[in-house]
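Asks: sequence first, then the predicted structure, then my questions.
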Amino acid sequence: MKTLLKGEIIFIERVNNWSIEVLVKWNKRRTTVVIKSRKSDLKPDFVSCSLSKAHFISFISRSDTFNFSGEKSEFSELILASPYAISLMNSKNPSIELRKNQLIFKGSIKKKDLTSLSNIFRLNELLMEEIDELHNKSNNR
């Protein structure tokens, strides 16, 4: 199967109370994915925070190390503890952000690794479900 050496595609989809905008760029070696998931029924916005890979410290310590920036909240604690977020952070140059009412994932994989590409979408969906559960619990209090 031949594919284009370089390209880009954007698509938008609605799932439950989420609007998902996906930008996929690819070149000869890598596929970069940006998923912006916006929760439409979120009353107070997320407290802004970001989780990214600490490349230098990971290199020195020879283990995965992450940078967290922003303010702590119940949603940021969920992202730090979620096995789905940790699995998403296994991609190249990963970052997960909460900004206003959006969950934003950025990361890249090898072009021929189609299994990881489908896993990224599934893991993002599972992370959105966890956020929904936490949001529903906090609304019922």
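Replies: Perfect, thanks for sending it. The structure displayed is predicted, hence computed values, not measured ones.
Asks: okay, now the unreliable bits of this protein?
Replies: The chain contains residues with pLDDT under 70 at 1-3, 43, 55-59, 61, 63, 141.
Asks: residue closest to the middle of it?
Replies: Phe105 (2.6 Å; Cα atoms, centre = their mean).
Asks: quick one, what contacts the closest residue to that one other than its chain neighbours?
Replies: In this structure, Phe105 finds its nearest non-sequential neighbour in Ile35, 4.6 Å apart by Cβ to Cβ, 6 or more residues apart in numbering. Glycine gets a C-beta too; all of them are placed from N, C-alpha and C. Contacts were defined as Cβ atoms under 8 Å, 6 or more residues apart in numbering; by that measure Ile35 touches 20-22, 104-105, 120-121, 124.
Asks: contact partners for the nearest residue to Gly70 once chain neighbours are set aside?
Replies: Take Gly70 and drop its neighbours on the chain: the residue closest to it by Cβ to Cβ, 6+ apart is Cys49, 3.0 Å away. Each residue near Cys49 by Cβ under 8 Å, 6+ apart is listed here: 68-73, 75-76, 79, 97-98.
Asks: show the buried residues in those.
Replies: Those of the contacts of Cys49 that meet the buried threshold are 75-76, 79, 97-98, by 16 or more other Cβ atoms under 10 Å.
Asks: arrange those residues in TSV, one row each, with secondary structure and distance to Ile10 as further columns.
Replies: Formatted as TSV, those follow (DSSP: H, G, I helix; E, B strand; the rest coil; distance: Cβ to Cβ, whole Å):
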residue	secondary structure	distance to Ile10
Phe75	helix	26
Ser76	helix	28
Ile79	helix	25
Glu97	strand	18
Leu98	strand	22
